[in-house]
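>>> sequence and predicted structure below; questions after.
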Amino acid sequence: MRVIQFREALREAMNEEMRRDESVFLMGEEVAEYNGAYKVSQGMLDEFGAKRIIDTPIAELGFAGIGVGAAMNGLRPIIEFMTFNFSLVAIDQVINSAAKTLAMSAGQYGSPIVFRGPTGNAGQLGAQHSQNFENWYANTPGLKVVVPANPHDAKGLLKSSIRDNDPVIFMESEMMYGDKGEVPEEEYLIPLGVADVKRQGTDVTVVSFGKILKVAQQAAEELEKEGISVEIIDLRTVRPIDYAAIVKSVKKTNRLVIVEEAWPLASIATDITYNVQRHAFDYLDAPIRRVNSMDVPLSYAPTLIEAVLPNVKRTIEAIKSVTYVS
Amino acid sequence: MSDAKNTAKTAAKTTTKKPVRKTAAKSTAKKTTTKKTSFSKETYMKWYEDMQLMRKFEEKAGQLYGQQKIRGFCHLYIGQEACVAGAVSALTKDDKWITAYRDHAHPLGLGTSPNAVMAELYGKETGCSKGKGGSMHMFDKEVNFMGGHGIVGAQVPMGAGIGFAEKYNETGNLCICYMGDGAVRQGAIHEAFNMAMLWKIPVIFVIENNGYAMGTSVSRTSNVIDLSTLGESYDMPSEGVDAMSVEAVHEAVARAADRARSGEGPTLLEFRTYRYKGHSMSDPAKYRTREEVNTYRKKDPIEQVKDVILKKKYASQEDLDKIDAGIKEKVEASVKFAEESDFPDASEAFKDIYKQEDYPFIMD
């Protein structure tokens, strides 16, 4: 199968959906003439023109709101945030408008919109450019939240997100845009809300999503050498969460570790922990462990990043603690 | 708050004389050298009926709030009726409407049944938002009323987006987007003004300036108190309008609509209006004097229309009394309808949250 970059997979998804549906357009900072801050939208202005690939001023709240209004009135906007750190100045339009119009209007006006862009740490960018808000958005009914971990999933999930009739938050990573992976030439869609078992195992279940999934995968490879068999579940979507897939795996392995880049309090990991103790309590042979970012803002210095982000070492420690291996 | 002229005649003249300001005047001076429109008997009669319906409906809503039949927050439109009635007559049925939470009169003016609006205030399943919206979130797709929004100023970028879609689809329709004088101090509106003007979006931004953002007067919120100048930074054509005069409102909206439909983009209209009641039902409005309220009552928009109707003999006082009685009946009927309707079934809590019908809500 051919191999393409993560950013190319995203671009293909948008190109295909824009060719398929005239009502889809892309709007954001530097998406058109600059070809995208991270070159995701490279060449799209040439193909679709300025009517459908639209550069905005630096005004996230304003263009997020314009996107919601356009969605209520029949279009399917893709709104790009240069990073989700900047989505916070637009969060009113995401939470109070996009997630609410269908409910408040009792079904009369929906908001079929995709807000997409990178999330999380991207390498020594300091505290304001290194945050994860997947759990913030996932908390809000009315939204769907997608966090792909590889080019194949990115393409299939983004196509589904653009076609989805509900508002979707689609979170990528600057550090993944150059990742390469196998992506079929032929068209495919991946449904939202369905987790993917990335690796079969018998001793412990590790749940993760997004770019930090790689940490879980590396830990699993290390532990295989020591005879510990790790099953890895990639959530792919954190609203809705495929709880059934997690519970099924835990019933097999009887142990669970969650690896997540966000801060620990009220995180996706915490939510999964509740769900598993509620629905698989009798199957658990050890307390559930989570590996999140430490409970502090991320600093610039590499030593401080190493001390704060989830890493292979901490993940291995957590897995060993639930499997009672020292 | 600017002191607009009293009668319709002088108001129209004022608007013609000072149509737009500075930068805006450059681009629109030609367009605004308007002839004074002469309105038909039918238009005056419709204005009278529409505005009386809004007034009587809101008076009833106020009473019912006192009786705790209507709960939550409740913001009445009494005094501001011309802001809606004059725009309805100047626009087409395909144009889209959006506003903030003082939103009972907009759907009424567009033709939503008073039954559906009253039932919504009661939280009943027969309401125009099935009892899910309440006073602040009226919606009616049938008449292109797109809400009813509760975060001050947030509806302004949304209104620009609604207009964006009309332009994108080349429909020739526009969006009229209302906001209060409080909203103009929100950052969101300035971002929306800028992009709407940059992209020539067919949208009419209307500031319903009733003088007070809740209890804070316009002059206490900024050094810039002439709100019609707020479009200047974006070269947006702007007008101050005596919005106690429904004729002046109609003419200003018609000019803005022409501009929008001919591809020139947005217009900012400052409707100088007044609310006779407090900000919401819990507001005794002690921040203003009785004299101030009475000044505005003297140029009441409904009384102005009534004067024209009687003077031009479009109808007699008896005819108007008959209309009033009919409106009273309609309002009473809406109360009966709301009273007799059911609250939504508990199962409705999980409907209309997602378009996806089998969305897996967390139940435990």
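Cool, the structure landed.

>>> report all helices and strands that the strand or helix carrying residue A:18 contacts.
Secondary structure here is read from DSSP states H and E; on that basis residue A:18 sits in helix A:6-20. Contacting helix A:6-20 under the criterion 3 or more CB pairs under 8 Å, 6 or more residues apart in numbering or on different chains; DSSP states H and E are the following elements: strand A:24-28, helix A:44-48, helix A:151-163, strand A:180-182. The C-beta positions use only the backbone N, C-alpha and C, and glycine is treated the same way.

>>> make it 7 Å
Other elements packing on helix A:6-20 under the criterion 3 or more CB pairs under 7 Å, 6 or more residues apart in numbering or on different chains; DSSP states H and E are strand A:24-28, helix A:44-48, helix A:151-163.

>>> rounded mean pLDDT for that helix, please.
For helix A:6-20, the mean per-residue pLDDT is 98.

>>> gap between residue A:251 and residue A:110?
Counting by CB to CB, to the nearest Å, the gap between residue A:251 and residue A:110 amounts to 37 Å.

>>> repeat for residue A:15
In this view, residue A:15 and residue A:110 are 25 Å apart by CB to CB.

>>> who has more neighbours, the two?
Of the pair residue A:15 and residue A:110, residue A:110 is the one with more neighbours under other CB atoms under 10 Å in any protein chain shown, namely 20 against 16.

>>> for the helices and strands packed on helix A:6-20, which one sits closest to residue A:83?
For residue A:83, the closest of the helices and strands packed on helix A:6-20 is strand A:24-28, at 11.1 Å, according to CB to CB.

>>> the stretch 51-200 of chain A: helices as residue ranges?
Per DSSP state H, counting those that start in this stretch, the stretch 51-200 of chain A carries helices over the ranges A:60-72, A:91-92, A:101-104, A:134-138, A:151-163.

>>> deepest of those helices, which one?
Stretch with highest mean neighbour count among the helices of the stretch 51-200 of chain A: helix A:60-72 (a mean of 30; mean count of other CB atoms under 10 Å in any protein chain shown).

>>> next, the angle from it to strand A:24-28.
With axes from the mean of the first three to the mean of the last three CA atoms, to 10 degrees applied, the angle from helix A:60-72 to strand A:24-28 works out at 170 degrees.

>>> now helix A:60-72 - C-alpha only, PDB.
In PDB, the C-alpha atoms belonging to helix A:60-72 read as follows (Å, rounded to 0.1, in the frame of the first residue of the first chain):
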ATOM      1  CA  GLU A  60     -10.900  33.100  16.300                       C
ATOM      2  CA  LEU A  61     -14.000  34.100  18.100                       C
ATOM      3  CA  GLY A  62     -15.300  35.900  15.100                       C
ATOM      4  CA  PHE A  63     -14.600  33.300  12.400                       C
ATOM      5  CA  ALA A  64     -15.700  30.500  14.700                       C
ATOM      6  CA  GLY A  65     -19.100  32.300  15.000                       C
ATOM      7  CA  ILE A  66     -19.200  33.000  11.300                       C
ATOM      8  CA  GLY A  67     -18.700  29.200  10.800                       C
ATOM      9  CA  VAL A  68     -21.600  28.400  13.200                       C
ATOM     10  CA  GLY A  69     -23.900  30.800  11.500                       C
ATOM     11  CA  ALA A  70     -23.000  29.400   8.100                       C
ATOM     12  CA  ALA A  71     -23.600  25.900   9.300                       C
ATOM     13  CA  MET A  72     -27.000  26.800  10.700                       C
END
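
>>> any part of it near chain B?
Yes - if you take CB under 7 Å from any CB of the partner chain as the test, helix A:60-72 does meet chain B, through A:61, A:62, A:63, A:65, A:66, A:67, A:68, A:69, A:70, A:72.

>>> which of these sits closest to residue A:115?
residue A:67 (7.6 Å).

>>> pull up the residues of chain A that are close to chain B.
A:56-57, A:59, A:61-63, A:65-70, A:72-75, A:92-93, A:96-97, A:102-110, A:141-142, A:165-166, A:193, A:240, A:278.

>>> so how far is residue A:233 from residue A:208?
Going from residue A:208 to residue A:233 by CB to CB gives 8 Å.

>>> between these two, who's got more neighbours?
Per other CB under 10 Å, whichever of residue A:208 and residue A:233 has more neighbours is residue A:208, with 29 against 26.

>>> how about the more buried one, phi and psi?
Main-chain torsions, residue A:208, degrees, to the nearest 10: phi -150, psi -180.

>>> hang on, isn't it packed against residue A:216?
Yes - contact between residue A:208 and residue A:216 holds when scored by CB atoms under 7 Å: they sit 4.4 Å apart.

>>> in stretch B:42-50, what's buried?
When neighbours are counted by 16 or more other CB atoms under 10 Å in any protein chain shown, the buried residues of stretch B:42-50 are found to be B:43, B:44, B:45, B:46, B:47, B:48, B:49, B:50.

>>> report the helix or strand with the lowest average pLDDT across chain B.
With mean pLDDT, DSSP states H and E as the measure, the helix or strand of chain B carrying the lowest mean pLDDT is helix B:8-17 (a mean of 39).

>>> thinking again about what came up before, in TSV, list the buried residues of stretch B:42-50 along with pLDDT, distance to residue A:127 and secondary structure.
Output for the buried residues of stretch B:42-50, formatted as TSV (pLDDT from 0 to 100; distance: CB to CB, whole Å; DSSP: H, G, I helix; E, B strand; the rest coil):
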residue	pLDDT	distance to residue A:127	secondary structure
B:43	98	61	helix
B:44	98	63	helix
B:45	98	64	helix
B:46	98	59	helix
B:47	98	58	helix
B:48	98	61	helix
B:49	98	60	helix
B:50	98	55	helix
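
>>> tell me the one among the residues you listed nearest to residue B:223.
Closest to residue B:223 out of these is residue B:47 (36.4 Å), distances taken as CB to CB.

>>> re earlier: save the helices and strands packed on helix A:6-20 as a markdown table, and put in distance to residue B:249 and mean pLDDT too.
What follows is the helices and strands packed on helix A:6-20, written out as a markdown table (distance: least, CB to CB, whole Å; pLDDT from 0 to 100):
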| stretch | distance to residue B:249 | mean pLDDT |
| --- | --- | --- |
| strand A:24-28 | 33 | 98 |
| helix A:44-48 | 40 | 98 |
| helix A:151-163 | 41 | 98 |
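
>>> now the ones you listed in TSV, with distance to residue B:149?
Putting those into TSV (distance: least, CB to CB, whole Å) gives the following:
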stretch	distance to residue B:149
strand A:24-28	21
helix A:44-48	31
helix A:151-163	25
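
>>> which residues of the stretch 101-250 of chain A fall in strands?
In the stretch 101-250 of chain A, the segments counted as strands under DSSP state E, counting those that start in this stretch are A:114-118, A:144-146, A:168-172, A:180-182, A:196-199, A:204-208, A:230-234, A:237-239.

>>> to residue A:87, which of the ones you listed lies closest?
The closest approach between residue A:87 and any of these, judged by CB to CB, belongs to strand A:114-118 at 6.7 Å.

>>> list of residues touching that closest one?
For strand A:114-118, the external contacting residues (CB atoms under 7 Å, 6 or more residues apart in numbering or on different chains) are A:38, A:78-84, A:87, A:94, A:161-162, A:168-170, A:172-174.

>>> which members of those are classed as buried?
By neighbour count, with 16+ other CB under 10 Å, the contacts of strand A:114-118 hold A:38, A:78-84, A:87, A:94, A:161-162, A:168-170, A:172-174 as buried.

>>> one step back: residues shared between the contacts of residue A:208 and residue A:216?
A:232, A:259.

>>> now the stretch 201-350 of chain B, which segments are flagged as low pLDDT?
Scanning the stretch 201-350 of chain B with the threshold set as pLDDT under 70 gives no residue ranges.
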